[in-house]
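J.: Okay, sequence plus prediction incoming.
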Amino acid sequence: MSKVTITDIAKEAQVSLGTVSNVLNHRGNVKADTIRKVEQAAIKLNYVRDISALSIRQKKSTQIALMIPQLNEFTNDFYTNLYHELKNIGLAIKLYETNNNLEIEKNCLAQIKQENFYGIFIINHLESATIISKFLNNPKNLIFIGNYKNKNIRQVSINLKSLENKFIEPTFIIKDEFGMGFYKQFDTATFINDNMIDIYKKISDYPQGNFVTFNNKLASRLQNISRTLTNKIKIILISSKNIVSFEPNTQKNVFHYSANKIALSLIKMLKFQEKKLNINIYNTDYQQFQYNKQKISLNLLLLESPFSQIIKFLLPDLTKKYNIKINLATKNFSQMRMILNSNEWQKYDLIRLDISDFNWFGKKFFRPLNQLPELEAELNRLNNWNQYIYQDKIPYALPLDPSVQIMLYKNKIFSNEIIKKQYSENYNQDLIPPVDYQSLVNLAKFLNDSNEPEMKDIKLLSLIGTADTLIASEFLPYYYSLNGTINKSENGLRFDTDIFIKTYNLYKELRKVSNIESKSWWNSEVNDFNDDKTAILIGFSNHLNNLNPSEYGIAPIPGNKPALGGGLIGINKFSKKDEACVVFFKWLFQYQIQHEIALMGGDIPAKDLFFEREIYEKFPFLSHSTDFYHNGIRKTKLSNITNLYTLLFEKIVGKEIKKGIDKNLDAASVLININTTLLLNREKLISKSGH
């Protein structure tokens, strides 16, 4: 079958070649009906664009040079991840294999120098990085993978030297000369060549030695050799493969780095010209903790959410290993409010609080975790989650399912040429996911008013109909994005009047042209997005795990002042089962359990796991969400010594905004009503730290 050309499309659509070219290259002033005819003809004829030919015509390189010793089991994971990520942005790999031979490497570099590459990535080279850079004329997109002291070398750095203090002498490092070359980082170590005669000899000579390898198969082989020779060698595996095991392995320690994170970091460096990005490395061994108690049960209170569904699947492992049975109680939002505001919370050993409740209830409910030295490692590892752990510099909880607001948008809407053209004509600007509140409202009006068939029955987004606190979570991020503040005053709490009025008027306009959901939870908004009723979904990252990742793009919410969400978990100060609670925490926050939660789309504090390929592909919003936390806001304090009862505050704000919209009140009247209600509830809303 002959290849379809633009001439064939022109004939089928009954338009000129120039018109087809303009449509396919997104240029020129072409009518919507004509664009539709050309696109339908291209689909009918199964037309596929020749990207390489296009790049040649445009004199723009779409290739990345990758120089490695060999494509093998050491480098396959990295290559596969890089290939897919480059393909997603229209780039391709040209592979140069050096076979760990200096002459071949020089020949590869000479070939690379002759061509025009968009970027050059180099792994495990023999010539020095400085000489390579100079030979290639210091191209701006030359990036090395390794760990270099020279600050002028652009690099994705994986620093393994921190592992050396875990090695007990005698330690032997088996070279990965044909892999990533990580053995070079251990410059004071004793090396073994990767051949079985040398390895057998060392194992025989050192029956209690430590053997470091970068090869999964070799690690398994070493265990088999050890059993055959009945010795007690220790095996340390450093690998990009995620080895899943729910059983402890006393002979082998596994340290993991993410090959996909390396690939994503390289692409980020192509875009933003950073000098250096670091890749973390983790011990992924399944941990068995000391616990010799008889059968015991713990009462655990969680909010009904995707996380509470996920944890149910994993709790049998805890029971099997430690004889600790978890009585899991999951409650909806209203039920949780009733429990927290009564004495019923006292019957639970472990309680999940929302971040918005922590400042108000944390000290009242929880035992300080610094009284439990067994949790020191967990507190140190999670220390960057300050807002989810500390009250007055004392740790009362650990982050359970921290989340942040994020925007997803339908690719087929924002890439549709007819919709793009119509929007451009209306607003004299390109159609992109809205970056601020005004552009969000403009786009919502545009979709609502359009008569084009491509936009039939599609609203921009869905909004909550009746739930007061959720309405506040829609409103407040936009208020903050316009530089609005909320401060304590003599008469209660003070909004910035002009900014409140502007935000309210925009929010009122937005609700007129959006889907208004009668249900009082986010699931309805997710369902609307899934069912193609909306073009955008703005929601918390811990509620988005049931979406098709191929259909959406990801961006910050308009204004980029997202609300922080999710929750934390603490030990009830009235619980008499501290030891079992500590074991639960240590079990829950170890790598293997966190990995399983992330595999099911759960939001967790171990954010690096979101970049593992198997998680990244299914739930890409999780990895993107990590970029949004630093701008996140949740008003929980009015000063260092003054706490705000956030949920009550948000309930009042949301209720008065909803009432104002229903009664068609002007913004000034709504603000007066909010201020009045806040003043009446001042004693319930504000307290000094340590209340």
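T.: Cool, got the structure. Numbers count the residues shown, from 1 in each chain.
J.: Flag the shaky bits of the stretch 1-150 of the chain, pLDDT-wise.
T.: For the stretch 1-150 of the chain, the stretches with pLDDT under 70 are 1-2, 26, 32, 48-60.
J.: one more time with 50
T.: 1, 56-57 (pLDDT under 50).
J.: Which of the helices and strands in this structure ranks last by mean pLDDT?
T.: helix 51-58 (a mean of 51; mean pLDDT, DSSP states H and E).
J.: helix or strand right after that one?
T.: Downstream of helix 51-58, the first helix or strand assigned by DSSP states H and E is strand 63-68.
J.: in that next one, what counts as buried?
T.: Across strand 63-68, burial judged by 16 or more other CB atoms under 10 Å covers 63, 64, 65, 66, 67, 68. Yep, even glycine has a C-beta here, placed from its N, CA and C like the rest.
J.: for stretch 565-583, which positions count as buried?
T.: For stretch 565-583, by 16+ other CB under 10 Å, it's 565-572, 575, 577, 579-583.
J.: Kindly report the same for stretch 419-439.
T.: 419, 420, 421, 422, 423, 431, 433, 434, 435, 437, 438, 439.
J.: Is the second one in contact with residue 427, as I believe?
T.: I take that to be residue 420. No: with contact defined as CB atoms under 8 Å, residue 420 and residue 427 do not form a contacting pair (11.1 Å).
J.: quick revisit: could you pick out which of the buried residues of stretch 565-583 are located in strands?
T.: 565, 567, 568, 569, 570, 571 (DSSP state E).
J.: Rebuild those as a markdown table, extending it with distance to residue 625 and pLDDT.
T.: Listed next are those as a markdown table, based on distance: CB to CB, whole Å; pLDDT from 0 to 100:
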| residue | distance to residue 625 | pLDDT |
| --- | --- | --- |
| 565 | 11 | 94 |
| 567 | 15 | 96 |
| 568 | 17 | 98 |
| 569 | 20 | 98 |
| 570 | 24 | 98 |
| 571 | 28 | 98 |
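J.: Poorly predicted segments of this protein, please.
T.: 1, 56-57.
J.: give me phi/psi at residue 639?
T.: Reported as degrees, to the nearest 10, the phi and psi values for residue 639 are phi -160, psi 180.
J.: cool, the one 3 residues further on as well?
T.: The phi and psi values for residue 642, taken as degrees, to the nearest 10, are phi -120, psi 120.
J.: about what we covered before: could the ones in strands among the buried residues of stretch 565-583 go into a markdown table alongside distance to residue 114?
T.: As requested, those are exported to a markdown table (distance: CB to CB, whole Å):
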| residue | distance to residue 114 |
| --- | --- |
| 565 | 53 |
| 567 | 57 |
| 568 | 57 |
| 569 | 59 |
| 570 | 62 |
| 571 | 65 |
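J.: closest to residue 505 among those residues?
T.: Of all these, residue 565 has the smallest distance to residue 505: 26.1 Å, by CB to CB.
J.: Show me the beta-bridge partners of the closest one.
T.: Counting by DSSP bridges, residue 565 is bridged to residue 403.
J.: Same question for the one 5 residues further on.
T.: In this entry, residue 570 is beta-bridged to residue 351, by DSSP bridges.
J.: now it: how far from residue 470?
T.: Note on residue 570: its distance to residue 470, by CB to CB, to the nearest Å, is 25 Å.
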